[in-house]
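J.: Pasted the sequence and its predicted model underneath.
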Amino acid sequence: MAIQTTKEKVPVIVLTTSYRLEGDMHVVPGGRILDEINRERGFIPLTNVTLFDPVSGQPVDTLDFIAINKALVLMIAPVDATGAKT
């Protein structure tokens, strides 16, 4: 039987080698984005994601879920409720 953990949505911007993504990362209540990044797994799950072309900045696609290979991530930044980077 799997144990289910309650998590909070944290809006983030993720820059990969191919795209800029905006979506929700899920962290344990009171947890940090860094804690999720440092978990021993090769992928970072995101929900409610919009993919943007890194050159034009135009939206390319929207996805309910994506798992990003950590090896392709260049940076992750939290976004506050107003949409500004924190």
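T.: Okay, I see it.

J.: so how far is the lowest-mean-pLDDT helix or strand in the chain from its chain's centroid?
T.: Taking mean pLDDT, DSSP states H and E as the measure, the chain has helix 33-37 as its least confident helix or strand, at a mean of 90. Here helix 33-37 is found 10 Å from its chain centre; the criterion is CA atoms, centre = their mean, to the nearest Å.

J.: just checking, what packs against the following helix or strand past that helix?
T.: Downstream of helix 33-37, the first helix or strand assigned by DSSP states H and E is strand 43-52. Where contact means 3 or more CB pairs under 8 Å, 6 or more residues apart in numbering; DSSP states H and E, strand 43-52 is packed against strand 8-16, strand 20-27, strand 59-69. For the C-beta atoms, the positions are set from N, CA and C on the backbone; glycine is no exception.

J.: right, so those: which one is the most enclosed?
T.: Counting by mean count of other CB atoms under 10 Å, strand 20-27 has the highest mean neighbour count of the helices and strands packed on strand 43-52, with a mean of 19.

J.: Quick one: list the elements packing against it.
T.: Using 3+ CB pairs under 8 Å, 6+ apart as the contact test, the elements touching strand 20-27 are strand 8-16, helix 33-37, strand 43-52, strand 59-69.

J.: These into a markdown table, with extra columns for distance to Val79?
T.: Formatted as a markdown table, the helices and strands packed on strand 20-27 follow (distance: least, CB to CB, whole Å):
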| stretch | distance to Val79 |
| --- | --- |
| strand 8-16 | 4 |
| helix 33-37 | 11 |
| strand 43-52 | 12 |
| strand 59-69 | 16 |
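
J.: Pick out the shakiest of the ones you listed, pLDDT-wise.
T.: Among those, helix 33-37 carries the lowest mean pLDDT, at a mean of 90.
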